[in-house]
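Undergrad: give me a 3D structure for the following:
(one chain, ligands or ions: 1)
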Amino acid sequence: MTYPTQPTASHFIGGKYVEDTAGTPIDVIYPATGEVIGRVHSATPAIIDQALTAARAAQAAWAAMTGTERGRILRRAADIMRERNHDLSVLETFDTGKPYQETSVVDATSGADALEYFGGMAATLTGQHIQLGEDWVYTRREALGVCLGIGAWNYPTQIASWKGAPALACGNTMVFKPSETTPLCALKVAEILFEAGAPAGVYNVVQGLGDVGAALVSDPRVDKVSLTGSVPTGRKVYAAAAAGIKHVTMELGGKSPLIIFDDADLENAVSGAILGNFYSSGQVCSNGTRVFVQKGIKDAFLARLSERLADALIGDPQDPATSFGPMVSARQMEIVQGYIAKGQDEGARLVYGGDRVARGGFYLQPTVFADVTDDMTIAREEIFGPVMAVLDFEDEAEVMPRANDTEFGLAAGVFTRDLTRAHRVAAGFEAGTCYINTYNDAPVEAPFGGSKQSGVGRENASAAIAHYSQLKSVYVRMGDLEAPF
Ligand code: NDP
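TA: Residues are numbered from 1 along each chain as shown. Alright, predicted model coming up:
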């Protein structure tokens, strides 16, 4: 199968595509059909060395450019990404299986937003002047050096851009390792940044299984590690980074609560629950998969939800009319099927879906369980698939501790028309990213990230700058210096 903008080799290093077929082959599988549509090779030690050498060699000159110059390159890359949105979206759909209806509005477009935003911010990054009588201190905001980005498979273009844009704006260079499941899109980000004028070595991509990620994390040439992935991987990567006292950003998993009160606008609440459970076939870290519905609205909510789910158009994800696509891989589909079986075994009531879709590829129906209790596996573990758990509740005092009773703290949402209750509930959530009468927005202007085990640090907004730069304090004495002897 051919598709537009197909990358020409496995890795992008020092401004060009690089191949080393000695690396373990990784088949690229189109989730909508199960067909092999390409092959890349995992990075060999020689490729890892080449990438880190290129990133190190490019860093000082990149950091020495003015912020205006660096920003102009990032903004040019944003423009190119937008011009090529169609082809990049088709590629993203081949890589992930997500419907074109989604990829054409949230992947390259969100990557372009990040490049534009941090491109605009690059020229504004400054230190501070601190007057101490006649003496003074100034701070310099400096790059960290070489940043390593490691991506999950659900948003390959977005993750490569969300990590790359702030890192490069601050004067760092980057080596990015995509998930082995979706190796294609990050190569395009590297290609576009180079075309926009980023010097060779500033943004590099190497493919690989987890072992390549592990080798990169512990390499002394890496100064910072930014991971998007699961909590178990986060633990390993954080520990390996700690051995080298490296900076980290951890964007990890979640099991977020979405609370719907009786007084909520029903249609909006159903929309929020759909966006928070079934977008990208449920493969979104911040999904509100524990849907607490107050008893007075429960029957109406479930009835309307089932009606709306029946309108989902499941089909060829390249068809712009399709609104629900396959899971990313056979493995992920099997994991989710295991959770659906567990939900039934543990006594949850299946009210919608639950089966595979009768077509090739890795399709599962949107699935809803009602009468879920807090102790059930489907209410405790991250499923990362289209499975919504609906739990009953009586009142706010009862639901809040239940909503927070999880090791995760990525996101949380509330639907209500009661203004003060909405803000009280948002303040009470133990989560980094909260929503009132909406769900799963992630604009570049707002900080995004988790609390508790869902992560460390923030992506997006000016908050990301603190995680991709460090401050140096310079003390200046204007007069004579006294010493004890
Ligand atoms: P994984 O944690 O399995 O993998 C994430 C990345 O880490 C992959 O590139 C993987 O490589 C790599 N990796 C695995 N082991 C190691 C290691 N020991 N050292 C270094 N790198 C390693 O996550 P998935 O790809 O399965 O993605 C799903 C998870 O990501 C979910 O838990 C989800 O919640 C989370 N996620 C979080 C987001 C957030 O912003 N908070 C956003 C999106 C997803 P390989 O794939 O080759 O094994």
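
Undergrad: what residues does the stretch 151-300 of the chain put near the ligand?
TA: 151-154, 177, 179-181, 209-210, 213-214, 217, 228-230, 233, 236-237, 251-254, 285 (CB under 6 Å from any ligand atom). C-beta coordinates here come from the backbone N, C-alpha and C atoms, glycine included.

Undergrad: measure Thr373 to Ser306 for me?
TA: 21 Å (CB to CB, to the nearest Å).

Undergrad: brain fart, Arg39
TA: Distance from Arg39 to Ser306, by CB to CB: 42 Å.

Undergrad: neighbour count for these two, which is higher?
TA: Taking neighbours as other CB atoms under 10 Å, Arg39 and Ser306 compare with Ser306 leading, 15 against 12.

Undergrad: and the more buried one, which helix or strand is it part of?
TA: helix 298-309 (DSSP states H and E).

Undergrad: following that helix, which helix or strand comes up?
TA: helix 330-345.

Undergrad: how far does that following helix sit from the chain's center?
TA: 23 Å (CA atoms, centre = their mean, to the nearest Å).

Undergrad: packing partners of the helix or strand following it?
TA: Per DSSP H and E, the first helix or strand lying C-terminal to helix 330-345 is strand 349-352. Secondary-structure packing of strand 349-352 (3 or more CB pairs under 8 Å, 6 or more residues apart in numbering; DSSP states H and E): helix 298-309, helix 330-345, strand 367-370.

Undergrad: just the C-alpha atoms of strand 349-352, please, in PDB.
TA: The C-alpha trace of strand 349-352 is given here as PDB (Å, rounded to 0.1, in the frame of the first residue of the first chain):
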ATOM      1  CA  ARG A 349     -24.400  -4.400  33.500                       C
ATOM      2  CA  LEU A 350     -23.500  -4.200  29.800                       C
ATOM      3  CA  VAL A 351     -25.800  -1.600  28.300                       C
ATOM      4  CA  TYR A 352     -24.100  -0.900  25.000                       C
END
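
Undergrad: just how off-centre is it within its chain?
TA: 30 Å.

Undergrad: now that strand: buried residues?
TA: 351-352 (16 or more other CB atoms under 10 Å).

Undergrad: and stretch 194-205, by the same measure?
TA: 194, 196, 198-199, 201-205.

Undergrad: okay, and which of those residues map to helices?
TA: Phe194 (DSSP state H).

Undergrad: are any of the residues of the stretch 151-300 of the chain next to the ligand buried, and which?
TA: 151-154, 177, 179-181, 213-214, 217, 228-229, 233, 237, 251-254, 285.

Undergrad: could you identify the helix or strand that succeeds the helix or strand that Thr249 is a member of?
TA: Per DSSP H and E, Thr249 falls inside strand 247-251. Reading on from strand 247-251 to the C-terminus, the next helix or strand found by DSSP H and E is strand 257-260.

Undergrad: what separation is there between His11 and Val40?
TA: 8 Å.

Undergrad: neighbour count for those two, which is higher?
TA: The neighbour comparison of His11 against Val40 (other CB under 10 Å) goes to His11, with 31 against 24.

Undergrad: hmm, Ala46 and that one touching each other?
TA: No - between His11 and Ala46 no contact is recorded; they are 10.7 Å apart, counting by CB atoms under 8 Å.

Undergrad: what sits in contact with each of these two?
TA: Asp20 (CB atoms under 8 Å, 6 or more residues apart in numbering).

Undergrad: please name the nearest non-neighbouring residue to Gly111.
TA: Counting by CB to CB, 6 or more residues apart in numbering, the nearest residue to Gly111 once its immediate chain neighbours are dropped is Ser161, at 3.2 Å.

Undergrad: next: Gln337.
TA: Leu364 (7.1 Å).

Undergrad: specify the beta-bridge partners of the one you found.
TA: Beta-bridge pairing for Leu364 (DSSP bridges): Arg356.
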